[in-house]
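In: Here is the input, now give the coordinates:
(2 chains)
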Amino acid sequence: MKFTRMVSKTLRFDPPEAETTSHRLMLRAGLIQQVAAGVYSYLPLAWRSLRKIENIIREEMDAAGGQELMLPALQPLELWEQTGRRAAFGDNLFSLQDRRGRPMVMAPTHEEVITNVVKSNVQSYRDLPLLLYQIQTKFRDEPRPRAGLIRVREFDMKDAYSFNADDASLDDTYRDMAQAYRNVFRRCGLPVLMAEADSGAIGGKDSHEFLLPTETGEDTVITCSGCDYVANAEKAVSVIPPILPLPQGEGGGGGVPVVEEEQPLAEVATPGVKTIAGLAEFMGVPESKTLKAVFYMADGEPVFVTIRGDLEVNEVKLKNALHCDDLRFAEDDEVRAAGLVAGSASAVGITGIRKVADPSIESGSNFVVGANKPDTHLTGANYPRDFEVDILTDIALTQPGQLCARCGGTLQSTRGVEVGHIFKLGTFFSETLGANYLDAEGRNLPITMGCYGIGVGRLLAAAIEQNNDDRGIVFPHPIAPYQAHLVGLNLSNEGVAAAGESLYDELNAAGIETLYDDRPDAAAGVKFNDADLIGLPVRLVISPRNLNNSVVEVRGRQDEEATTVPLSDVVEAVRARLMNN
RNA sequence: CGGGGUGUAGCGCAGUGGCUAGCGCGCUACGUUCGGGACGUAGAGGCCGGUGGUUCGAAUCCACUCACCCCGACCA
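Out: Sure, this is the predicted structure:
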């Protein structure tokens, strides 16, 4: 490709709206152009790179036994009502009507359609297992698109779906896919973490995310210093922390729950105390000796949530415990309408509302809790003596510094961008849509499914987020739009121009994809800066000086110094550079 | 949806009621330059986001509206 023929222009300055590195560099290097919030045009440089990523994915999917197909983006809404996922996706589902007024959606994912494909094509266990995939545009009306290609509303996703006879077979496919994913990310230059994950709106059993650690990531990943435990904070579990020692050194501590004789409930006036911190200070106890009450609305119903005062509620775990589609904090008037007293609430004596509690409420005794009367609390609250709950399950947010439930090591947290996600779906879709098969004994059984996604554009953004320096992008060569950036200096010199053209032809003929900066009058500095910004793996310079010596300068994007090689050896020199890059 | 901000030339911005709306970059032509973002001369380029209002007069004031960015709840 000749520079003078390229549509996109590089930007001399950073675009002010781009705060994330990959976003800034992609705009500056002329890779993408915004059309609407979370909707981008991929310009040729980006598209070449995206196609390379796609092909890496294809190779790994095919190697894992996948078959590529293509499903429609436009689908009847009815299909989504059958599986109840219209509600699960809610406003994220792009919907429209056709000319007959029939409700349609732009598909955010394809379990429904693929399950129907398999339903009508698979009857026997002899047809299983199957692994089908596509690379296709998804539509999700995200509440807040951000950071360039990191979070968009229209994006290309590789989505694969596996169909197995049973869980054991699914486990095999799942393991193969996890390995295929590791291969894809390694080839794209990404050191990803594979983390235990929540399975979200899609539901199912096991689920893992592939996350690129980076400060600008949207996810929090918990890792253990003592073992290989890695989990998204949404999913991560930890040991319930010990009750901290009392200020005067009485009781508690040491990793063992405080065991005390149960005291009777007693009211205490606590004027003006509204927060856990305030309550702990007022009562002279650690926060871990209090119980916190939080109010949510789950699909429009108020829910009372209680957890030990020093812990936070993990809303993803809570949502899963409640099996609801929509979960949010209750508004003040909703709290009042439910008869609750914000700042002085507890489960003691509360009825007529669903109550969820974290097991941390059992990790101690004689807690200080709200009295459900303004400016009043109770001491000596003990579960289950003094109150009941409807659901008692882990809803605690795991935080760095807490201890690993597996090995007791200290947990740490990092930020990360999710670039891939794999799920064991089980039989939800096959059962609701009737995708069954006949086993060897003649039994009619639902097919066991898995699904596996990679965001292609996000992967490119993540690769740039990971591979750059203060001068621009540093493309890993397998996904670089071109391998070589040939810079021609002083092209008004006819000898140099002719040598540039012939070198360009030679490189192309040798199969080295080359971007040739053939601008006749751009200054050397401009060309070098653009080459650094676009960040192709190898830069070549042809100039009067070099031509006089019959050499070309060769420099890897991250090399300190350029080396010169004879004109006749350029192709070999480029190949050698690409090998060890 | 809540909070904060921005819409003026391809890009970045200035312009708080008064002449023909400016500046930098980029772009076109000619000339000089020519190895890390050169210079001169001459040009082209505007529905001042949209609608309605106030006014002799609106980019500027008022109302409504749309779009986009940033911070929080969703996900590849």
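
In: Could you double-check that residue A:451 lies in contact with residue A:163?
Out: No: using CB atoms under 8 Å as the test, residue A:451 is too far from residue A:163 to be in contact (10.4 Å). All C-beta spots, glycine's among them, are computed from the backbone N, C-alpha and C.

In: quick one, which of the two is more surrounded?
Out: Taking other CB atoms under 10 Å, residue A:451 and residue A:163 do not tie; residue A:163 has more neighbours (28 against 24).

In: quick one: which helix or strand includes that one?
Out: Per DSSP states H and E, residue A:163 falls inside strand A:154-164.

In: Give me the sheet partners of that strand and which way each runs.
Out: Strand A:154-164 pairs in its sheet with strand A:130-139 (antiparallel), strand A:448-455 (antiparallel), by DSSP bridges.

In: Check those for me and report the most buried one.
Out: strand A:448-455 (a mean of 25; mean count of other CB atoms under 10 Å).

In: tell me what the helix or strand hosting residue A:368 is packed against?
Out: Assigned by DSSP H and E, residue A:368 falls within strand A:367-370. For strand A:367-370, the packing partners by 3 or more CB pairs under 8 Å, 6 or more residues apart in numbering; DSSP states H and E come out as helix A:276-283, strand A:291-298, strand A:376-381.

In: what packs against the very next helix or strand once past the second one?
Out: Helices and strands here follow DSSP H and E; after strand A:291-298, the next one along the chain is strand A:301-308. With contacts taken as 3+ CB pairs under 8 Å, 6+ apart, strand A:301-308 sits against strand A:291-298, helix A:332-337, strand A:354-357.

In: The following helix or strand past strand A:301-308 and RNA strand B, are they touching?
Out: Downstream of strand A:301-308, the first helix or strand assigned by DSSP H and E is helix A:315-322. Yes: counting by CB under 7 Å from any atom of the strand, contacts between helix A:315-322 and RNA strand B involve A:315-316, A:319.

In: After helix A:315-322, which helix or strand is next?
Out: Per DSSP H and E, the first helix or strand lying C-terminal to helix A:315-322 is strand A:327-329.

In: Partner strands of that next one and their direction?
Out: Its sheet considered, strand A:327-329 pairs with strand A:291-298 (antiparallel) by DSSP bridges.

In: I'd like to check the angle between the strand it pairs with and helix A:315-322, please.
Out: Angle between the axes of strand A:291-298 and helix A:315-322 is 70 degrees (criterion: axes from the mean of the first three to the mean of the last three CA atoms, to 10 degrees).

In: Tell me if strand A:291-298 is near RNA strand B.
Out: No: figure legend: strand A:291-298 not in contact with RNA strand B (CB under 7 Å from any atom of the strand); closest approach 10.5 Å.

In: so which of the helices and strands packed on strand A:301-308 is the most packed in?
Out: strand A:291-298 (a mean of 22).

In: which outside residues touch that one?
Out: Strand A:291-298 has contacts (CB atoms under 8 Å, 6 or more residues apart in numbering) with A:276, A:302-309, A:311, A:313, A:315, A:318-319, A:322, A:324, A:326-331, A:334-335, A:338, A:340, A:342, A:345-347, A:354, A:361, A:367-370, A:381.

In: Tell me the buried residues within those.
Out: A:276, A:302-309, A:311, A:313, A:315, A:318-319, A:322, A:324, A:327, A:330, A:334-335, A:338, A:340, A:345-347, A:361, A:367-370, A:381 (16 or more other CB atoms under 10 Å).

In: for the helix or strand of chain A with the lowest mean pLDDT, packing partners?
Out: Ranked by mean pLDDT, DSSP states H and E, the weakest helix or strand in chain A is helix A:332-337, scoring a mean of 73. In this structure, helix A:332-337 packs against strand A:291-298, strand A:301-308, with contacts taken as 3+ CB pairs under 8 Å, 6+ apart.

In: Now tabulate those strands in JSON lines and tack on distance to residue A:23 and mean pLDDT.
Out: JSON lines is the format used below for the helices and strands packed on helix A:332-337 (distance: least, CB to CB, whole Å; pLDDT from 0 to 100):
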{"stretch": "strand A:291-298", "distance to residue A:23": "34", "mean pLDDT": "83"}
{"stretch": "strand A:301-308", "distance to residue A:23": "37", "mean pLDDT": "84"}
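
In: Dump those into JSON lines; add distance to residue A:555 as well.
Out: Output for the helices and strands packed on helix A:332-337, formatted as JSON lines (distance: least, CB to CB, whole Å):
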{"stretch": "strand A:291-298", "distance to residue A:555": "58"}
{"stretch": "strand A:301-308", "distance to residue A:555": "58"}
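
In: among these, which is nearest residue A:228?
Out: strand A:301-308 (28.3 Å; CB to CB).

In: quick one: strands adjacent to that closest one?
Out: Applying DSSP bridges, strand A:301-308 is found paired with strand A:291-298 (antiparallel), strand A:354-357 (parallel).

In: Identify whichever of those strands lies nearest to residue A:513.
Out: Smallest distance to residue A:513 across these (CB to CB): 53.6 Å, for strand A:291-298.

In: Quick one: distance of stretch A:320-339 to the chain centre.
Out: 27 Å (CA atoms, centre = their mean, to the nearest Å).

In: for stretch A:71-88, that is, sorry about that
Out: Its chain's average C-alpha position is 23 Å from that of stretch A:71-88, according to CA atoms, centre = their mean.

In: distance between the ends of that stretch?
Out: Taking CA to CA, to the nearest Å, the first and last residues of stretch A:71-88 lie 21 Å apart.

In: mind putting the strands paired with strand A:154-164 in CSV, mean pLDDT and distance to residue A:394 included?
Out: Output for the strands paired with strand A:154-164, formatted as CSV (pLDDT from 0 to 100; distance: least, CB to CB, whole Å):
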stretch, mean pLDDT, distance to residue A:394
strand A:130-139, 96, 32
strand A:448-455, 95, 25
